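*Asks:* Test case, fold it:
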Amino acid sequence: MRFPNRISGIKFAGLLAIIILVVSTPGCMSSGSDKSNSSSGPDAEVIASTPEANITFVTTGSSFSPIITVTGNPEIKWVFGDGSTSDSPAPTVNFGSKGTRANTLVVTPWSAVTKINIGYDGSDGGVTPGPGTIEYLEQQNVIAVTGLENVAPYLQVWASSRNPIAALDFSDFKELHTIECFYCTSLATIRLRNVPSLTRLCLESCDISYLDLSEAPALADLRGASQKSSTYTINWGTTGDHIWHVCVGANPHMTGTLPSDQFPVLEDFFVWNGNQSGTLHLDSKDLYKVRAYDNHYSAADLSGCFPAGRRAVVQIYNNELTSLDISDDPGLIHLNASGNLLDQTAVDGVLQTLDSYGTNGGYLDLSGNAAPSSAGTAYADNLIARGWEVQSS
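*Replies:* Numbers count the residues shown, from 1 in each chain. As a prediction, the model looks like this:
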């Protein structure tokens, strides 16, 4: 989408039409259409620059206090929706009333920009907010951003947590390593084409229906639970070599089975209530926690995942398991496999295996499966004698 270099006499309704188009059309997120509002009233004129000229933040609040981080001594120019300007990397403008406004940013050179922050509070495993990391900042009521392609080769950190933003395009952001979009409940579209440096992606409690991670080979930490959309599909491609944390739980509408066997350094696997079925087979030797309850798994193979001393936790209750392999797992100290379909032989096998490790002070729940035999009960008694809490049918 392109507009003439100067458009005058466009009233507020025209601005709203542009904003709605930007928000509802994902392709517009990389077009960079730039606007600035000369006043906060309904008769404000709009001045449009060339799409490549600036980054535009469309806001709906009564104030705007973004933070950008730059290197060197670049020229910074903000033009806010009320016509005021600033050359600060952390400006504050008070409009006096709520309203939809376009606020533009130009940094010369763009290569100085390393971080853009319009909302961050360290939620969901993020860094502790601070001047050396990502500053604490309340969400800024940003509903749309255009012109981000200006900083695509340079930006390293993006933070927009809790903003009502609808779409983001990070195509060809080759230096970007962190995206924080926690609780962006309106965020329905995010594009991640050619993001070779991306390591942390937080999309917790958004509205994503399709997430393509196939061009994020360095991804290590994914937070993607609790999407509001009616469907949720993740395209992993071959991504997985560096992933230590996967959290995509509370998505009962998720389609497809997670490729759990392509995460060799995985520590946390959280996919509770994720509409998963078939066999759960994890093979990482770094695994600590598995939360895979409230799914439809028919079998689970966790053999060799938990070396001695690990004190690992596995919660795989309320599935449809008929088999559970925990061989060579002396570090498994907490196992809840209740509410499954394990027969007596399988239940006895779990009890015997855990008893054979000789560990102390663990937790085991096998209730809601078949009752153990007398031999299985003896194994359970051995565990209890070593301080285990054991429950069975």
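*Asks:* Can you get me a residue count around residue 65?
*Replies:* 15 (other C-beta atoms under 10 Å). Heads up, the C-betas are built off the backbone N, CA and C, glycines and all.
*Asks:* nope, residue 74 is what I was after
*Replies:* So residue 74, with other C-beta under 10 Å, has 18 neighbours.
*Asks:* So for it, what's the pLDDT?
*Replies:* On the pLDDT scale, residue 74 is placed at 98.
*Asks:* where's the spatially closest residue to it that is not a sequence neighbour relative to residue 136, distance?
*Replies:* Excluding its sequence neighbours, the residue lying closest to residue 74 (C-beta to C-beta, 6 or more residues apart in numbering) is residue 112, at 3.8 Å. In this view, residue 112 and residue 136 are 23 Å apart by C-beta to C-beta, to the nearest Å.
*Asks:* quick one: which of the two has more around it?
*Replies:* residue 112 (19 against 15).
*Asks:* Determine the set of other helices and strands touching the strand ranked longest in the chain.
*Replies:* As assigned by DSSP state E, the longest strand anywhere in the chain is strand 101-108. Strand 101-108 is packed against strand 34-37, strand 55-59, strand 67-70, strand 75-79, with contacts defined by 3 or more C-beta pairs under 8 Å, 6 or more residues apart in numbering; DSSP states H and E.
*Asks:* repeat that with 7 Å
*Replies:* For strand 101-108, the packing partners by 3 or more C-beta pairs under 7 Å, 6 or more residues apart in numbering; DSSP states H and E come out as strand 34-37, strand 55-59, strand 75-79.
*Asks:* how far off strand 75-79 does that strand point, in degrees?
*Replies:* With axes from the mean of the first three to the mean of the last three C-alpha atoms, to 10 degrees defining the directions, strand 101-108 sits at 170 degrees from strand 75-79.
*Asks:* And the next helix or strand past strand 101-108?
*Replies:* Using DSSP states H and E, the helix or strand that follows strand 101-108 in sequence is strand 113-117.
*Asks:* Check the offset of the next helix or strand along the chain from that next one from the chain's centre.
*Replies:* Sequence order places strand 142-146 as the next helix or strand after strand 113-117, per DSSP H and E. Counting by C-alpha atoms, centre = their mean, to the nearest Å, strand 142-146 is centred 19 Å from the centre of its parent chain.
*Asks:* May I have stretch 108-121 as CSV, with CA atoms only?
*Replies:* Output of stretch 108-121 as CSV, limited to C-alpha atoms (Å, rounded to 0.1, in the frame of the first residue of the first chain):
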residue,chain,number,x,y,z
THR,A,108,19.2,8.6,11.1
PRO,A,109,20.8,6.2,10.6
TRP,A,110,18.3,3.3,11.1
SER,A,111,21.3,1.0,11.8
ALA,A,112,21.6,2.6,15.3
VAL,A,113,18.3,1.0,16.5
THR,A,114,18.8,-2.2,18.4
LYS,A,115,15.6,-2.4,20.6
ILE,A,116,12.0,-1.2,20.4
ASN,A,117,9.9,-1.4,23.6
ILE,A,118,6.2,-0.5,23.7
GLY,A,119,5.4,-2.8,26.6
TYR,A,120,7.2,-5.3,28.8
ASP,A,121,6.9,-6.7,32.4
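*Asks:* Residues contacting it, please?
*Replies:* With contacts defined as C-beta atoms under 7 Å, 6 or more residues apart in numbering, stretch 108-121 is touched by 57, 66-72, 74-75, 107, 129, 134-140, 142, 150-151, 154-163, 180.
*Asks:* That one: which residues count as buried?
*Replies:* 110, 112-121 (16 or more other C-beta atoms under 10 Å).
*Asks:* per-residue confidence averaged over that stretch?
*Replies:* The model assigns stretch 108-121 a mean pLDDT of 98.
*Asks:* Over to stretch 213-222?
*Replies:* Rounded mean pLDDT across stretch 213-222 is 98.
*Asks:* would you put the C-alpha positions of that stretch in CSV?
*Replies:* Extracted in CSV, the C-alpha atoms of stretch 213-222 (Å, rounded to 0.1, in the frame of the first residue of the first chain):
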residue,chain,number,x,y,z
LEU,A,213,8.8,-21.6,12.8
SER,A,214,10.5,-23.3,9.9
GLU,A,215,12.8,-20.3,9.2
ALA,A,216,13.9,-19.8,12.8
PRO,A,217,16.7,-22.4,13.1
ALA,A,218,18.2,-20.9,16.3
LEU,A,219,15.0,-20.9,18.3
ALA,A,220,15.6,-22.0,21.9
ASP,A,221,12.6,-20.9,23.9
LEU,A,222,9.0,-20.9,22.7
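*Asks:* Off-centre distance for it?
*Replies:* 11 Å.
*Asks:* quick one: which of the helices and strands packed on strand 101-108 is nearest residue 356?
*Replies:* Nearest to residue 356, of all those, is strand 55-59, at 60.5 Å by C-beta to C-beta.
*Asks:* If you count contacts, what does that closest one end up packed against?
*Replies:* Contacts defined by 3+ C-beta pairs under 7 Å, 6+ apart place strand 55-59 against strand 101-108, strand 142-146.
*Asks:* want to try JSON lines for these, with distance to residue 195 as columns?
*Replies:* Formatted as JSON lines, the helices and strands packed on strand 55-59 follow (distance: least, C-beta to C-beta, whole Å):
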{"stretch": "strand 101-108", "distance to residue 195": "21"}
{"stretch": "strand 142-146", "distance to residue 195": "17"}
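*Asks:* Can you tell me which of those strands is most buried?
*Replies:* strand 142-146 (a mean of 24; mean count of other C-beta atoms under 10 Å).
*Asks:* Quick check: can you name the pairing partners of that strand and their directions?
*Replies:* Taking DSSP bridges as the criterion, strand 142-146 sits next to strand 55-59 (antiparallel) in its sheet.
*Asks:* Brilliant, that's me finished.
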